[in-house]
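Asks: when you get a sec, could you give me coordinates for this:
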Amino acid sequence: MKGALGKLITHNHLQLQRVPIPDLNQTLQRYLRSVRPIATDEEFNKQQSLVKDFEQTVGPKLHSDLLEREAGYAAAGVHPYFHFQKYWDAAYLAERCSSPVNMNPYYGLNEGKMSNAASFINGGMKWLLDLRNGTYDVDASDASQLPTFFGTARIPGEAVDVLKHFADTSSHVVVMCKGRFYKINTISNGVVASVGSIQQTLDSIHKSATAGKVNIGPLTSLPRDDCFKARQQLESISLKNKESLADIDSALFLVALDDDLSGSYNELDAFSRNMLHGINNNRVNRWFDKHTYVSTPNGSGIIFEHSPSDGAGWNKVIAGIQQHINTTTDTDGAVLPFEEITFDINGDMEATLSKADTYLRDIEKSVNLSTLNFSTFGKREIKSLKLSPDGVVQQAFQAGYQRLHHQPAPTYEACSMKAFWHGRTETIRSLTPESNAFASKVAAGGITKDDLPLLTAAVNAHSAIGKDASKGDGIDRHLLSLKKEAAFSNVAPELFDSDLFKKSGSWTLSTSNSTSPDLRLFGFGPVVTNGYGLGYLISNDVIPITVTSFTGSDITDASKMADSVNQTLLDIKTAFF
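Replies: Model (predicted):
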């Protein structure tokens with residue numbers, strides 16, 4: 001990537017600190033504290049011994065090697081920009097599972113101009129030009145993810161995928177409607193097409209599009225090795241197919257014009273499922289290898305290809321686009337030229353696409369989803385207790401899980417590291433001894449106003465861990481790098497191979513708070529077979545929570561978990577407000 005966009009990636013304009021490496025003893029002690037709730041006394045004593053052995057034998061050398069490696073990275077000043085970036089990239093790009101549900105989260109946008117596709121396209125193009133021209137007002141946090149929002153494509157590869165970037169050169173978006181693809185140039189000679197012109201063009205596409213016999217989009221839902229083979233098969237048929245794929249890859253982003261979501265799900269669940277994997281005939285309007293704006297009669301949202309960026313970056317981009325939308329008055333204009341992107345399909349390819357379509361339908365069947373739009377209280381009431389709203393919601397997750405499953409759950413909460421150059425995320429291990437005490441009391445029969453100290457201790461412990469993580473003093477990225485150093489040195493610390501160590505990093509609850517004034521829903525899939533995905537927002541008066549689980553699990557049930565979290569929040573209301 002060149003120009004101002006490239007410099008946002010390669011130049012540390014704000015002189016932000018690199019992601020730090022915590023003190024070894026500090027990480028190990030915090031690790032021990034995090035596993036106490038899921039360990040018996042015997043297991044915990046054994047883990048203490050393993051930690052002590054690690055710290056007295058190979059640990060200091062591995063830590064020293066890591067510091068030396070990071071010093072080399074810092075001196076070079078090029079990728080990798082932080083000590084675990086190579087491993088982080090591989091965690092996404094070398095992962096061979098399918099992208100929908102497993103990898104790609106989604107946002108549901110609030111009603112208003114942003115929920116209009118033409119306004120979003122117009123505002124997005126103007127925001128991109130600000131970025132290209134170097135006139136974007138960068139705040140005090142990392143901006144290295146911003147250029148990847150537009151024009152980035154995940155290309156399936158053999159064993160590992162690659163990212164290609166076109167934000168500095170592309171001028172078009174690709175619209176998907178009834179399974180067909182259309183290319184629209186939305187920037188011409190540095191000028192963005194008007195909202196009116198874009199709207200008329202989208203209307204024209206929507207009126208003229210008819211369902212095709214075969215659909216290309218579902219091939220991106222396949223497991224990545226199968227997706228790679230299917231793409232190679234498609235490219236081998238003709239040069240036109242390679243050129244058509246190049247048009248999709250190089251689009252600034254994709255726009256899906258979906259049909260109505262009516263059917264067997266309630267309104268909120270239908271919207272969430274449509275974003276997560278597509279429902280009804282809308283599944284043909286998906287290309288899971290790029291960010292996609294989805295417009296439906298039931299609301300609009302964005303599907304994110306997660307590998308290059310995270311929620312803090314997405315929220316920043318959306319806020320910037322919203323500013324342009326709010327000040328745009330160019331509602332007139334004529335239909336823009338557009339062309340359909342077509343493919344040559346032979347019999348073998350048709351069979352492959354049919355299998356892909358079946359696979360995507362099966363993904364829908366593999367997921368339980370329940371959207372809890374909790375409106376009894378919100379951030380305002382929680383703050384009256386002088387407690388962190390996020391901390392209280394996390395305790396509701398802990399207690400909700402325990403009252404349903406009668407045991408504590410290893411929990412991941414995403415924490416932004418945007419204060420650091422190229423910072424991505426760190427883990428908040430939300431399960432603590434304090435949260436376990438509160439959750440156990442809830443699960444044992446209920447709470448009263450006398451239990452406020454339990455909730456306060458749990459929330460304060462959570463807040464302290466979150467504060468440490470945001471400062472680069474979390475434990476999971478450090479432990480990841482130490483494991484990699486051990487592999488490089490051909491040593492196998494018993495600590496890393498212990499059952500408790502593995503269990504503590506197997507996220508039964510995968511949670512993330514992406515609160516933004518522009519959003520109404522947020523969701524993603526579980527990360528383990530017997531786990532839950534919990535994407536949530538916290539506004540003044542409502543707490544929307546999307547709960548997901550896998551139908552293949554005989555342990556988890558998204559609907560029951562949503563009910564349990566709902567009841568826990570109601571119990572908190574009754575006891576403390």
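
Asks: which residues touch the most centrally placed residue in the chain?
Replies: With distances taken as CA atoms, centre = their mean, residue 105 lies nearest the centre of the chain, 4.3 Å away. Going by CB atoms under 8 Å, 6 or more residues apart in numbering, residue 105 touches 303, 304, 306, 311, 512, 522, 523, 524, 535. Bear in mind the C-beta positions are built from the backbone N, C-alpha and C, glycine included.

Asks: kindly recompute the last result at 10 Å.
Replies: 275-276, 302-306, 310-311, 314, 512, 514, 522-525, 533, 535, 546 (CB atoms under 10 Å, 6 or more residues apart in numbering).

Asks: again with residue 501
Replies: Residue 501 neighbours (CB under 10 Å, 6+ apart): 31, 35, 47, 50, 51, 479, 483, 493, 494, 495.

Asks: repeat that for residue 317.
Replies: Listed by CB under 10 Å, 6+ apart, the contact set of residue 317 reads 124, 127, 128, 131, 145, 146, 148, 149, 150, 291, 302, 309.

Asks: buried set for stretch 481-491?
Replies: 481, 482, 483, 484, 485, 486 (16 or more other CB atoms under 10 Å).

Asks: now that stretch, how far from the centre of its chain.
Replies: Here stretch 481-491 is found 28 Å from its chain centre; the criterion is CA atoms, centre = their mean, to the nearest Å.

Asks: likewise for stretch 371-384?
Replies: 23 Å.

Asks: ok, back up a step: mind picking the two most distant members of the contacts of residue 317?
Replies: 131 and 302 (17.6 Å; CB to CB).

Asks: any idea how far apart the tips of stretch 76-85 sit?
Replies: 14 Å (CA to CA, to the nearest Å).

Asks: which secondary structure element of the protein has the lowest mean pLDDT?
Replies: helix 3-10 (a mean of 92; mean pLDDT, DSSP states H and E).

Asks: which SSE is immediately downstream of that helix?
Replies: Scanning forward in sequence from helix 3-10 by DSSP states H and E, the next helix or strand is helix 24-35.

Asks: what packs against that following helix?
Replies: Under the contact definition 3 or more CB pairs under 10 Å, 6 or more residues apart in numbering; DSSP states H and E, helix 24-35 sits against helix 41-56, helix 59-76, strand 425-429, helix 452-470, helix 476-488, helix 499-504.

Asks: do that again at 7 Å, thanks
Replies: Packing partners of helix 24-35 (3 or more CB pairs under 7 Å, 6 or more residues apart in numbering; DSSP states H and E): helix 41-56, helix 59-76, helix 476-488, helix 499-504.

Asks: and the helix or strand just after the second one, which residues are buried?
Replies: Using DSSP H and E, the next helix or strand after helix 59-76 towards the C-terminus is helix 85-93. Applying a neighbour-count criterion of 16+ other CB under 10 Å, the buried positions in helix 85-93 are 88, 89, 92, 93.

Asks: possible to save these as a markdown table with pLDDT and distance to residue 553?
Replies: A markdown table is the format used below for the buried residues of helix 85-93 (pLDDT from 0 to 100; distance: CB to CB, whole Å):
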| residue | pLDDT | distance to residue 553 |
| --- | --- | --- |
| 88 | 94 | 27 |
| 89 | 94 | 29 |
| 92 | 96 | 24 |
| 93 | 98 | 27 |
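
Asks: and the furthest pair within those residues?
Replies: Maximum pairwise distance among these (CB to CB): 9.6 Å, between 88 and 93.

Asks: pick the one among the buried residues of stretch 481-491 closest to residue 504.
Replies: residue 483 (13.2 Å).

Asks: what is the burial count for the residue lying closest to residue 309 once chain neighbours are set aside?
Replies: Counting by CB to CB, 6 or more residues apart in numbering, residue 309 lies nearest to residue 145, which is 4.2 Å off, once chain neighbours are set aside. Residue 145 has 21 neighbours, counted by other CB atoms under 10 Å.

Asks: wait, isn't residue 145 in contact with residue 313?
Replies: Yes. Counting by CB atoms under 7 Å, residue 313 is a contact partner of residue 145 at 3.6 Å.

Asks: and the strands in the stretch 151-300 of the chain?
Replies: 152-155, 162-165, 172-177, 180-185, 187-188, 191-192, 254-257, 292-296, 299-303 (DSSP state E, counting those that start in this stretch).

Asks: as PDB, could you dump the C-alpha coordinates of stretch 308-318?
Replies: Output in PDB follows, covering the C-alpha atoms of stretch 308-318 (Å, rounded to 0.1, in the frame of the first residue of the first chain):
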ATOM      1  CA  PRO A 308      -6.600  -7.500   9.600                       C
ATOM      2  CA  SER A 309      -8.600  -5.500  12.200                       C
ATOM      3  CA  ASP A 310     -10.600  -5.400  15.300                       C
ATOM      4  CA  GLY A 311     -13.700  -3.700  16.900                       C
ATOM      5  CA  ALA A 312     -11.900  -0.500  18.100                       C
ATOM      6  CA  GLY A 313     -10.800   0.200  14.600                       C
ATOM      7  CA  TRP A 314     -14.100  -0.600  13.000                       C
ATOM      8  CA  ASN A 315     -15.900   1.700  15.500                       C
ATOM      9  CA  LYS A 316     -13.400   4.500  14.600                       C
ATOM     10  CA  VAL A 317     -14.100   4.100  10.900                       C
ATOM     11  CA  ILE A 318     -17.900   4.000  11.300                       C
END
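
Asks: avg pLDDT for it?
Replies: Taken as a whole, stretch 308-318 has a mean pLDDT of 94.

Asks: work out the gap between it and the centre of the chain.
Replies: Centroid separation between stretch 308-318 and its chain, computed with CA atoms, centre = their mean, is 9 Å.

Asks: same question, stretch 506-522
Replies: Taking mean C-alpha positions (CA atoms, centre = their mean), stretch 506-522 and its chain are 8 Å apart.

Asks: again with stretch 532-546
Replies: For stretch 532-546, the distance to the chain centre is 15 Å (CA atoms, centre = their mean).

Asks: dump that stretch to PDB, restricted to CA.
Replies: Taking C-alpha atoms only, stretch 532-546 is exported to PDB below (Å, rounded to 0.1, in the frame of the first residue of the first chain):
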ATOM      1  CA  TYR A 532     -21.000 -19.700  23.800                       C
ATOM      2  CA  GLY A 533     -20.300 -16.600  21.900                       C
ATOM      3  CA  LEU A 534     -21.600 -13.400  23.600                       C
ATOM      4  CA  GLY A 535     -21.400 -10.200  21.600                       C
ATOM      5  CA  TYR A 536     -23.000  -7.200  23.500                       C
ATOM      6  CA  LEU A 537     -23.400  -3.500  23.700                       C
ATOM      7  CA  ILE A 538     -24.200  -1.300  26.700                       C
ATOM      8  CA  SER A 539     -26.200   1.800  26.200                       C
ATOM      9  CA  ASN A 540     -28.000   4.000  28.700                       C
ATOM     10  CA  ASP A 541     -31.200   2.100  28.700                       C
ATOM     11  CA  VAL A 542     -30.700  -1.200  26.900                       C
ATOM     12  CA  ILE A 543     -28.200  -4.000  26.800                       C
ATOM     13  CA  PRO A 544     -28.400  -6.000  23.600                       C
ATOM     14  CA  ILE A 545     -26.700  -9.400  23.800                       C
ATOM     15  CA  THR A 546     -26.400 -11.900  21.000                       C
END
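
Asks: list of residues touching that stretch?
Replies: Where contact means CB atoms under 7 Å, 6 or more residues apart in numbering, the residues beyond stretch 532-546 that reach it are 105, 272, 369, 371-375, 378-380, 389-390, 393, 397, 509-515, 519-526, 547-549, 556, 558, 561-562, 565.
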